[in-house]
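> sequence and computational prediction follow.
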Amino acid sequence: MAAILITNIKQLVNVREQWQVLRGKELAQLPCISNAYLLIEDDTIVSYGTMEQLASANEAVPTEIIDATGKLVLPTWCDSHTHLVFAASRENEFIDKLKGLSYAEIAARGGGILNSARKLNEVTEDELFNLAWKRLDELMRLGTGAIEIKSGYGLTVPGELKMLRVIKKLRGSAKVTIKATFLGAHTYPVEYKDDHAAYIDLIINEMLPVIGREQLADYIDVFCETGFFSPAETEMICKAGMQYGLKPKIHANQLNLSGGVQTGVALGAVSVDHLETMDEGAIKTLAGSSTIGTLLPTAAFFLRMPFQPARALIDAGCAIALASDFNPGSSPSGNMNLVVNMSCIQMKMLPEEAINAATLNGAWAMECADQLGSISVGKKANLIITKPVPSLAYLPYAFGSNLIEQVIIGGERL
Ligand code: NIG
Ligand code: FE
């Protein structure tokens, strides 16, 4: 049995015997142990404590010792909302936007989600897998140890299935935990522009039965937004997905007060994501529910939108998570360190709140908190070891530096 002992840890971060979802004021409580040790056997955390406790403990002889003097050890990031599988980047649209073109003008030139969909339908499953694998490898080195990945750039039966099969293959090959979400309802393909019912019919009667049969997804997502899918359409599609055991996890209130939050909560969604545009009613509805609100600050940043009202959500008692929304259109970065930094700098979250939201609550937002999201005996040994840093707050403060020295996934150093 391989055993790794990490010693002299300046601070062991997010140590918990219990790991319920954190809401309101609980989010600022980040239990840590100073001058700590942590023992891993195979892929599992088996014990931890202070260095004094280690001296008197009768631990197994480690095969490897890592000295973490001056360094922090954290659970890896749990990124609960990404579109990691895509065929091509869209930096040309980025340049067009810098030159003043509007979203509508870019769309009229064949840009946006439909641009990604066209390219995705042109590449093979293997090409798509290789591209996604490289991105995933980069994110693991940036500390991501669990990730949700959506379809939604296919928008055809073969395209959507190809994406979900790529995600399934990633899940079978990668050491990180992966959850799959079916987002056939990302936008309407051009040929269904004037016949929404026919596309929804395709989703419900052509895509979902195969997805159910081949167990290609855990969740169902809909872009509930003005000009995209209405609350009524969202409800119909989610209910159809639920028949196949897919739980809703939806895009809500990004650009408008779309009613997405209320729709998601009424459906018992695991999470409602984005939330750039919130009013008192939406906040109250979310606070009174068990649905997690997932904030995607890098998408707000990239689109130059107002950031999500994190403080109002926390004060109202909502359970919030942080995720990257990694995608070629609105967040071409899956770097969760940047997400944490931006949450503190732009949304005034405290470092403790941001770390909890990007670890434990992120794990809850993809239903893997029994395995990940905190330093707990029996959980998976997915860990970040930082470079020597003066304190925890230094992580979001020194936003431009890569402060990760080493990442351990499933008990193995990357
Ligand atoms: O989450 N909002 C909808 N979907 C993506 C962006 C899609 C794209 O432009 O490719 C998002 O931001
Ligand atoms: Fe998204």
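Looks like it came in fine. Residues are numbered from 1 along each chain as shown. Ligands and ions are numbered 1, 2, ... in the order given.

> only C-alpha atoms from now on, for both contacts and neighbour counts.
Noted.

> OK, contacts around Val377?
17, 44-48 (CA atoms under 8 Å, 6 or more residues apart in numbering).

> now with 10 Å?
Contacts for Val377 (CA atoms under 10 Å, 6 or more residues apart in numbering) come out as 15-17, 38-40, 44-48, 371.

> then Ile404?
By CA under 10 Å, 6+ apart, the neighbours of Ile404 are 71-73, 141-143, 337, 384-388, 395.

> at 8 Å what do you get?
Contacts of Ile404 (CA under 8 Å, 6+ apart): 142-143, 384-387.

> phi, psi for Thr44 please.
Per-residue torsions, Thr44: phi -130, psi 140 (degrees, to the nearest 10).

> how far away is the residue of the chain found nearest ligand 1 from Leu202?
As assessed by CA to the nearest ligand atom, ligand 1 sits closest to Gly329 within the chain, at 3.5 Å. Applying CA to CA, to the nearest Å, the value for Gly329 to Leu202 is 25 Å.

> can you put the contacts of Val377 in CSV and add neighbour count?
Below are the contacts of Val377 laid out as CSV (neighbours: other CA atoms under 10 Å):
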residue, neighbour count
Val15, 20
Arg16, 15
Glu17, 9
Leu38, 24
Leu39, 24
Ile40, 27
Thr44, 20
Ile45, 23
Val46, 19
Ser47, 18
Tyr48, 22
Gln371, 19
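
> from those residues, which land in strands?
Those of these mapping onto strands are 38-40, 44-48, per DSSP state E.

> any idea which of these is closest to Gly112?
Nearest to Gly112 among the ones in strands among the contacts of Val377 is Thr44, at 42.1 Å by CA to CA.

> ok, and what's touching the helix or strand where Val210 lies?
Element membership for Val210, per DSSP states H and E: helix 208-213. The contact list for helix 208-213 (CA under 8 Å, 6+ apart) reads 161, 217, 240-241, 244-245.

> so how far is it from its chain's centroid?
From the chain centre to the centre of helix 208-213 is a distance of 24 Å (CA atoms, centre = their mean, to the nearest Å).

> how about stretch 393-404, which residues are buried there?
395-396, 399, 403-404 (16 or more other CA atoms under 10 Å).

> now the end-to-end length of that stretch.
With CA to CA, one end of stretch 393-404 sits 14 Å from the other.

> and the contacts of Ile404 as CSV, adding neighbour count and secondary structure?
Supplementary listing: these in CSV, determined by neighbours: other CA atoms under 10 Å; DSSP: H, G, I helix; E, B strand; the rest coil:
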residue, neighbour count, secondary structure
Leu142, 23, coil
Gly143, 28, coil
Ile384, 28, strand
Ile385, 23, strand
Thr386, 20, strand
Lys387, 17, coil
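
> the residue lying closest to Glu206 once chain neighbours are set aside: what's it in contact with?
The shortest distance from Glu206 to any non-neighbouring residue, by CA to CA, 6 or more residues apart in numbering, is to Val157 (6.9 Å). Applying CA under 8 Å, 6+ apart, we find Val157 in contact with 202, 206-207.

> so Ala369: helix, strand or coil?
Assigned with DSSP: H, G, I helix; E, B strand; the rest coil, Ala369 falls in the coil class.

> just the strands in the stretch 301-414 of the chain please.
Secondary structure of the stretch 301-414 of the chain (DSSP state E, counting those that start in this stretch): strands located at 320-322, 383-386, 404-409, 412-413.

> same list (those strands) but as CSV, adding distance to Glu122 and mean pLDDT.
Formatted as CSV, the strands of the stretch 301-414 of the chain follow (distance: least, CA to CA, whole Å; pLDDT from 0 to 100):
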stretch, distance to Glu122, mean pLDDT
strand 320-322, 33, 98
strand 383-386, 37, 98
strand 404-409, 33, 98
strand 412-413, 36, 96
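
> what is the least confident helix or strand in this protein?
helix 103-108 (a mean of 79; mean pLDDT, DSSP states H and E).

> tell me the buried residues in that helix?
Neighbour counts using 16+ other CA under 10 Å place Ile106 of helix 103-108 among the buried residues.

> likewise stretch 118-138?
118, 120-121, 125, 128-129, 132-133, 135-136.

> in helices only, show me those.
Counting by DSSP state H, the buried residues of stretch 118-138 place 118, 120, 125, 128-129, 132-133, 135-136 in helices.

> TSV for these, including distance to Ser258 and pLDDT?
Formatted as TSV, those follow (distance: CA to CA, whole Å; pLDDT from 0 to 100):
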residue	distance to Ser258	pLDDT
Arg118	27	96
Leu120	28	97
Glu125	34	98
Leu128	32	98
Phe129	34	98
Ala132	31	98
Trp133	34	98
Arg135	32	98
Leu136	32	98
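
> what about stretch 198-214, how long is it end to end?
End-to-end distance (CA to CA), stretch 198-214: 24 Å.

> next: stretch 37-54.
7 Å.

> can you tell me the element Ile6 falls in?
Going by DSSP H and E, Ile6 is part of strand 3-13.

> what about that strand, average pLDDT?
Strand 3-13 comes out with an average pLDDT of 97.

> wait, Ile40 sits on Val46?
Yes - Ile40 sits in contact with Val46 when judged by CA atoms under 8 Å, with a separation of 5.5 Å.

> picking that back up, quick one: which of the strands of the stretch 301-414 of the chain is nearest Asn356?
Once those are compared by CA to CA, strand 320-322 is nearest, at 7.9 Å.

> near ligand 1 at all, the closest one?
No - using CA under 6 Å from any ligand atom, no contact is recorded between strand 320-322 and ligand 1, whose separation bottoms out at 13.2 Å.
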